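Chemist: here is my input; please provide its structure:
(one chain, ligands or ions: 2)
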Amino acid sequence: MINVIEAIKILKDNIKTQTEFLDVSLLNSEGYVLAKDLYSEINVPEFPKSAMDGYAVNYKDLENTRKFKVIDEIYAGQFKDIEYKPNTAIRVMTGSFIPKGYNCVVKQEDTDYGVEYVSINKKEKEYSNYCHIGEDIKKGDLILKAGTIISTIHLGVFASLGLNMIKVVKPLSVSLISTGSELLYPGEKLENGKIYCSTLFTINSYLKKFNIKVNNIKIVKDNLFDISESVEKASQESDIIITTGGVSVGKYDLIPELYNKISNNILFKKVAMKPGTPVSAALINDSIIISLSGNPFAALANFQVLFWPIASKYYNSEEFNNIEHEKIVKKGYLKPSKLQRYVRARYYNEYVELEDIHSSSVISNLLNCNCLIVQKPDTEIKEGDKVKVIYLP
Ligand SMILES: Nc1nc2c(c(=O)[nH]1)N[C@H]1C(S)=C(S)[C@@H](COP(=O)(O)OP(=O)(O)OC[C@H]3O[C@@H](n4cnc5c(N)ncnc54)[C@H](O)[C@@H]3O)O[C@H]1N2
Ligand code: MOO
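Modeler: Numbers count the residues shown, from 1 in each chain. Ligands and ions are numbered 1, 2, ... in the order given. Prediction:
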């Protein structure tokens, strides 16, 4: 049985980095991945501007006089080509352009608010209340690197650079298929022996956060013909097919048969991880199929550990990789496990607390969790131990 690192390498080796890009509107760009390094083509601001409502003067003049002739007025948004004259002031507002020769702004509270002449009762330093050209962003600055996942604060920076279209990597496309004759769609009437399919909805939600294109979300009964047909169709439209269930050794666990029937290359069957040991992967046409365990927590652990590294290679972005953060166990105990184990937990500051129930069929206690502890093989977890955790997105 291969380990997690080997499984990740195999998956990464079988997905190409996407070189096709799309232009998306600024408003819709959140969650996409920036395609190219972004350099600023402008200074922000492009002109020296006032940080206060007040009077622009030359600070040296404040050494000679406190009374200034107000020669003009500039509002925010206006441009006036005014020539500097000694001992004069210009009435300015916050955000107003400041003409050459005027190198500080006295805020109005430090004056008598004069209209024709203004008396200033404070000696300001050079460039006080004065925003330089490019104070925020300088023309030519590297703003963001390719591979950045676009999030809220990036949108404000794009907007301040005047960008209304953003070049992003063409998103991964994924098909989601849950196999199992016991599965119902939420909303259907519950019957004896049946359960509602949950996993597809969690995975779909994770994918949507990054605008990954989900081509279909489907439950398929335990029937080799139906599963093959769905997977064949999915392979025509998706880079990745994620299935759940049917990977184990039961009579109706049909994924191994599916692989034998339609795969052009089986990548692995089983990974040394717990839960979700039976997770398998193969190539079908030009797509990768990853078949996660049916048990909902096992499926989520498989997905978290194995899917994001594929996204990282596809998008050429380190940001998708699972980063292991060190935490101190504040509460909980787990005996050693032979296989590397992923344990649901909740971190806060430098601490992490374990949940009491670890069953791979239970997901409701994930409501209290925000990370997975990576329990190394043959090591116990006890209070005070330092452990590595992966944050859940
Ligand atoms: N004799 C053995 N039995 C099992 C073994 C084994 O080694 N020998 N391995 C166990 C382990 S570990 C796991 S994990 C599961 C994996 O089984 P499958 O991937 O074949 O999953 P299913 O049997 O289809 O389902 C397991 C469980 O999860 C429920 N389920 C399935 N899909 C969904 C879904 N989309 N949403 C919610 N719940 C789902 C399903 O009803 C079952 O209860 O096999 C063990 N068995
Ligand atoms: O791998 Mo299974 O999820 O332990 O039950």
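Chemist: go ahead and flag the most central residue of the protein.
Modeler: I149 (4.8 Å; C-alpha atoms, centre = their mean).
Chemist: apart from its neighbours in sequence, what residue is nearest that residue?
Modeler: Nearest non-adjacent residue to I149, counting by C-beta to C-beta, 6 or more residues apart in numbering: E319, 4.9 Å away. No exception for glycine: its C-beta is placed from N, CA and C like everyone else's.
Chemist: one more: L26?
Modeler: Residue nearest to L26 in three dimensions, not counting chain neighbours: N164, with 5.0 Å by C-beta to C-beta, 6+ apart.
Chemist: cool, and I266?
Modeler: Spatial nearest neighbour of I266, chain neighbours left out: A282 (4.6 Å); criterion: C-beta to C-beta, 6+ apart.
Chemist: what's the answer for F68, then?
Modeler: What sits nearest to F68 in space, not counting adjacent residues and going by C-beta to C-beta, 6+ apart, is A89, at 3.8 Å.
Chemist: mind listing what the one you found touches?
Modeler: Y55, A56, V57, F68, K69, V70, I71, V106, V118, I120 (C-beta atoms under 8 Å, 6 or more residues apart in numbering).
Chemist: any idea which helix or strand carries it?
Modeler: Of the helices and strands defined by DSSP states H and E, A89 is found in strand 88-92.
Chemist: adjacent strands (with direction) for that strand?
Modeler: Each strand that pairs with strand 88-92, with its direction, by DSSP bridges: strand 54-57 (antiparallel), strand 67-74 (parallel).
Chemist: can you put the ones you listed in CSV and add mean pLDDT?
Modeler: Output for the strands paired with strand 88-92, formatted as CSV (pLDDT from 0 to 100):
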stretch, mean pLDDT
strand 54-57, 98
strand 67-74, 98
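Chemist: and among these, the most buried is which?
Modeler: Here the criterion is mean neighbour count by mean count of other C-beta atoms under 10 Å, and of the strands paired with strand 88-92 the winner is strand 54-57, at a mean of 28.
Chemist: tell me the mean pLDDT for stretch 119-132?
Modeler: Model confidence over stretch 119-132, given as mean pLDDT, is 96.
Chemist: pick out the residue of the stretch 201-350 of the chain closest to ligand 1.
Modeler: Using C-beta to the nearest ligand atom, G294 is the residue of the stretch 201-350 of the chain that sits closest to ligand 1, at 2.3 Å.
Chemist: could I get the contacting residues of that residue?
Modeler: The contact partners of G294, by C-beta under 8 Å, 6+ apart, come to S178, T179, G180, T199, T244, G245, G246, V247, S248.
Chemist: picking that back up, relative to Y314, which of the strands paired with strand 88-92 is closest?
Modeler: Evaluated with C-beta to C-beta, the strands paired with strand 88-92 place strand 67-74 nearest to Y314, the distance being 51.2 Å.
Chemist: alpha carbons only: can I get that closest one in PDB?
Modeler: These are the backbone C-alpha positions of strand 67-74, laid out as PDB (Å, rounded to 0.1, in the frame of the first residue of the first chain):
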ATOM      1  CA  LYS A  67      -0.900  85.300   7.600                       C
ATOM      2  CA  PHE A  68      -1.400  84.000   4.000                       C
ATOM      3  CA  LYS A  69      -3.300  85.300   1.100                       C
ATOM      4  CA  VAL A  70      -5.700  82.600  -0.200                       C
ATOM      5  CA  ILE A  71      -5.200  82.700  -3.900                       C
ATOM      6  CA  ASP A  72      -7.400  79.800  -5.000                       C
ATOM      7  CA  GLU A  73      -9.500  76.900  -4.000                       C
ATOM      8  CA  ILE A  74      -9.200  73.200  -5.300                       C
END
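Chemist: got a list of contacts for it?
Modeler: Surrounding strand 67-74, the residues in contact under the criterion C-beta under 8 Å, 6+ apart are 55-57, 61, 80, 82, 85, 87-93, 96-99, 114-120.
Chemist: my guess is Y347 is in a strand, correct?
Modeler: Yes - residue assignment for Y347, taken from DSSP: H, G, I helix; E, B strand; the rest coil, places it within a strand.
Chemist: okay, now it: neighbour count?
Modeler: Residues lying near Y347 (other C-beta atoms under 10 Å) number 19.
Chemist: quick check: bridge partners of it?
Modeler: Y347 forms beta bridges with V352, as assigned by DSSP bridges.
Chemist: which ones are touching it?
Modeler: Applying C-beta under 8 Å, 6+ apart, we find Y347 in contact with H325, K327, E353, N370, C371, V389, Y391.
Chemist: same question, K100
Modeler: Residues in contact with K100, defined by C-beta under 8 Å, 6+ apart, are Y84.
Chemist: so in the protein, where's the weakest helix or strand by average pLDDT?
Modeler: Least confident element among the helices and strands of the chain, by mean pLDDT, DSSP states H and E: helix 255-262 (a mean of 92).
Chemist: show me how this structure divides into domains.
Modeler: What automatic domain parsing lists as the domains of the chain is 4-18+171-320, 21-40+142-169, 49-131, 324-391.
Chemist: could I get the buried residue list for the helix or strand I328 falls within?
Modeler: Applying DSSP H and E as the criterion places I328 in strand 324-331. When burial is assessed from 16 or more other C-beta atoms under 10 Å, strand 324-331 yields the following buried residues: K327, V329, K330.
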